Structures are given as structure tokens and as C-alpha cells.
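Participant: Need a 3D model of the following:
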Amino acid sequence: MSAIHVLSKSFSHYRSRIQKRKDILSYAKHTSTEEIIFNLQRLVKLKDKKDVLKTLLSITNSSIWLSRSAFTVLKSYFDISSMENLNLNSERAQEIISCVTNKRSVDATDSEVFQTIYHELAHSHLVNDYRTSLKVPEVKVTIVLVSGVFNEIFSTPAFKRGAETLLDQYDIKHIAPVVDGRKGARENSLALKKQIEEYIEANPNERLWFFCFSKGGVDTLHYLRSKGDKLSENIIGVSFIATPIMGSDHINNKLLKLANTIGKVPENVSKKVLGKDVNLIASELQKSLSKNFRESWFKKNHKQLPSRLFYTAIAFESKWHQSHVWMMLTKAIFRSQKSNDGIVDVENAQFPFYFNGHNLGVLEGHHLVGSRSSFYDQEALMKAHLIYLDYKNLL
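Facilitator: Numbering: from 1, shown residues only. Now for the predicted structure:
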């Protein structure tokens, strides 16, 4: 009977994995097909070379996403590994799940509670016949997605796929203010200020929860600092996802400095040839992310951040062979002895000891988990945040 049970469980996991990949393929197929048709129709009417290149890039991104998703489905047919439930045989984890479900207090750190919730949800998403007692709370909140550096090369804001699931399943709205991934925090904070104030004016009864990825969190910090305790009551809190809160050592990498030097074409040449100055790695962007600047800025300004908000931070770490192909390249170029996600060191994505924020720990994942073509469980991450925040009475 034991052998039969093990075989039955393994087969169930096998079918669940295939179905999960098929669901991702279905989403990719539906969305990318619409995008490709739209962009092909648009391409015929375009005359500006810059717009033509952007449209071709969008078509290429959609095609690559679809092909990668199809390949992953094919690959899943040859994957017979079992999907381990990290919480099942842990008395500690079961105690935390019970306390969260029944809204009882538990003697556990923020990271213990959050990671237990996340692993429970991730397993329930992977295994179709697994049922968890954890439930996403009914909350009236609008998620504000703030993306990071060079997000313009992707077709959608970071974590858009996860946010769409929350909209479909729980009617939780989301918006994505436009920030420029090539610009510094000062400029983007002004852009956030304008867009958020306009949104609140048009939607005065909505409560906003910022969900900030990478440098999007840095831009948001500067926006919050500019408002201080005069910040609108509509904004209730901020969650930082792989944000270099304390900066990134990679900005000081010699290759980046070389690229920036090469990018500084003499003014008379750049204006004659390109009509504008060229700075390959924008100096304001570098300043916004440099470790020395960020550490100094946070220590100096953390007391001026709105005090009534909740603040959470999650970091990622991955081995080079477990990363997205782009992250493999960054790990090779920006070598670090510290645990990192390919871009941001774990220790820099957490709040310092002197700040009253919730450090939610470290999850396995590379820096591009927020892209829609990522196979990372964005839905579990966002749901885990909602359950954790509700359990802590922060929503």
C-alpha cells in the first residue's frame, strides 16, 4: 500500500506540473497573439524609425515568450521529480499555518511567518489536489505596481501577471504609474507624485498599496520622503521586492565604469550625429543606486518617511545555474562573494536594524522573477503578502 501511495502521489505531481505549465502557455498564447496582431497592424502605419524598432522589439518579445512557454510544457513531460511540501512534516510550520488561519498570535519572526505562508501557497499552486487552510482576505485595496531599471525592454510592468490573477480571482485592482528605468530617483519621484495625486483625485475612496520591484522601490522611497507625513491618507503601505534599499555594489563595477566612459561621446560629436548628448549608463541612475549614496541617504532620511505606513522587504537569492540566462550573464560580469539574485545582494535588499520595517526574509529566485515570461509563482508571492499583511492587521 505504501508503494502504491508513493506512485499515486508522484503521478499526481507529474500531472499537476504539466497542467501548471499548460496554464502558463495558454496565458502566453492568448496575450502574445493579441500583441503580435496589434503590433503588426501598427507597424504598417508607422514612419518614425524609433517607433518601428520599438514595435519590432515588442513582437520579438512576444514571440520569444510564447516559444519559451511551449518549450517548458514539452520539458515538463520528461520531469518526473516529486514536488516536496516544505511545510508538511514541520511541526513549526504547521503551528504557524494554524495560527495565521485562525488569527492567533505565534512566537515567530516576520520572515518565518511570511516564508511559511509563501511555501504553503506555492505548493498548493503546483499540486492540484492539495488544499491549504490559508485564504486570501477580502480587502478593498488597489495595488500600485512600480517597476525598475530598464523595464522598458519588457512589454508589461513587473508582476503584472500576478496582479492580473488577483484581479480575476479576488477583484483586487492594480495600476502601474509610468517611471523611466533609465532615469534617477529624483526625476522618477516627481513623475510618481504627479500620477498618484491625479489618480487619488479621480478615485478618492481607494486605498493604495505600493508593490515596488527593484529600483522602483528606490524611486518610491524618494517620493515618500518628499511628502513625509503630509502623504495622502489613501496610501497605506509599501512592499519592496528585490529593491536595493541599501544600494548595489555592482554600480561600482569596473565594466560599468568603462561602459559609461565609452558612452560619454564628446558633446559636439553627439549633437551633430545624434542630435543629443549620449550617456550610456545615466549618471543620475548610477547615483540613485550606488551603495555609498543609498546607505547615506537612508540613514539620513528614514525618519522623514511617512510614519503611519507599513514597510515590508523581501530579497531573492539564486545559484548561477538556477538563474534566467540574463542573470547568468550578470552573475558572471558582476561577481560577488555575497548571496545575491544576480543584481542585488541579499543584505542590501533588507531594512537596516534601525528602521521599523518588516524584513520578510529571503526566497529562492533570480532578479527577473517579476517579468511576465518568468515561470516564477508571482501569484503565490502576491497572495502571501496579502495574507501576511492581513494577519498582522496592516491592511
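
Participant: and the host helix or strand of Ser296, average pLDDT?
Facilitator: Following DSSP states H and E, one finds Ser296 within helix 291-301. Summarised as a single mean, pLDDT over helix 291-301 is 92.

Participant: Could you do stretch 315-332 as well?
Facilitator: On average, stretch 315-332 scores 58.

Participant: Equivalent analysis for stretch 206-216, please.
Facilitator: Mean predicted confidence for stretch 206-216 is 96.

Participant: In it, which residues are buried?
Facilitator: The neighbour-count check on stretch 206-216 (16 or more other CB atoms under 10 Å) flags 208-216 as buried. (Glycine included, C-beta is placed from N, CA and C.)

Participant: chain center to the helix holding Ser296: distance?
Facilitator: The chain centre lies 23 Å from the centre of helix 291-301; the measure is CA atoms, centre = their mean, to the nearest Å.

Participant: Can you list the neighbours in contact with it?
Facilitator: 218, 221, 225, 244-249, 251-252, 287-288, 348, 352, 354-355 (CB atoms under 8 Å, 6 or more residues apart in numbering).

Participant: Among these, which are located in strands?
Facilitator: Judged by DSSP state E, strands contain none of the contacts of helix 291-301.

Participant: which among those residues end up buried?
Facilitator: Buried members of the contacts of helix 291-301, counted by 16+ other CB under 10 Å: 218, 221, 225, 244-249, 251, 287-288, 348, 355.

Participant: Please identify which pair of these lies farthest apart.
Facilitator: For the buried ones among the contacts of helix 291-301, with distances taken as CB to CB, the pair at the greatest spread is Arg225 and Asp249 (23.1 Å).

Participant: related to what we said a few turns ago, kindly export the helix holding Ser296 (C-alpha atoms) in CSV.
Facilitator: In CSV, the C-alpha atoms belonging to helix 291-301 read as follows (Å, rounded to 0.1, in the frame of the first residue of the first chain):
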residue,chain,number,x,y,z
LYS,A,291,25.8,51.7,-2.3
ASN,A,292,27.6,54.7,-0.7
PHE,A,293,24.8,57.1,-1.7
ARG,A,294,22.0,54.8,-0.7
GLU,A,295,23.3,53.9,2.7
SER,A,296,24.0,57.6,3.4
TRP,A,297,20.6,58.6,2.0
PHE,A,298,18.6,56.1,4.0
LYS,A,299,20.3,56.8,7.3
LYS,A,300,19.8,60.5,6.8
ASN,A,301,16.2,60.3,5.6
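
Participant: Number the chain from 30, please
Facilitator: Noted, 30 is the first residue going forward, which turns the last one into helix 320-330.

Participant: Buried residues of that helix, list them for me.
Facilitator: Neighbour counts over helix 320-330 (16+ other CB under 10 Å) mark 320, 323, 326-327 as buried.

Participant: could these be laid out in CSV, adding distance to Asp419?
Facilitator: Converted to CSV, the buried residues of helix 320-330 look like this (distance: CB to CB, whole Å):
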residue, distance to Asp419
Lys320, 34
Arg323, 31
Trp326, 32
Phe327, 28
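
Participant: of these, closest to Thr145?
Facilitator: Phe327 (28.6 Å).

Participant: sorry, back to before: tell me which of the contacts of helix 320-330 fall in helices.
Facilitator: Mapping the contacts of helix 320-330 onto helices (DSSP state H) picks out 247, 250, 254, 316-317.

Participant: For the stretch 130-279 of the chain, give me the ranges with low pLDDT.
Facilitator: Along the stretch 130-279 of the chain, the model assigns pLDDT under 70 to residues 179-183, 278-279.

Participant: where along it do the helices fall?
Facilitator: Using DSSP state H, counting those that start in this stretch, the helices of the stretch 130-279 of the chain run over residues 139-155, 189-199, 214-231, 244-256.

Participant: And these: which comes nearest Tyr106?
Facilitator: helix 139-155 (16.0 Å).

Participant: Just the buried residues of that closest one, please?
Facilitator: Result for helix 139-155 [16+ other CB under 10 Å]: buried residues 139-155.

Participant: cool, stretch 45-59 as well?
Facilitator: 45-46, 49-50, 53-54, 56-57.

Participant: swap in stretch 391-411?
Facilitator: Applying 16+ other CB under 10 Å to stretch 391-411 flags 391-392, 394-403, 405-411 as buried.

Participant: Stretch 101-121 too?
Facilitator: Result for stretch 101-121 [16+ other CB under 10 Å]: buried residues 101-102, 105, 112, 114, 116.

Participant: Can you tell me what sits against that stretch?
Facilitator: Stretch 101-121 is contacted by residues 38-39, 42-43, 45-47, 49-51, 53-54, 122-123, 126, 137, 141, 145, 148-149, 152, 155-156, 159, 404 when judged by CB under 8 Å, 6+ apart.

Participant: I appreciate the help and will end here.
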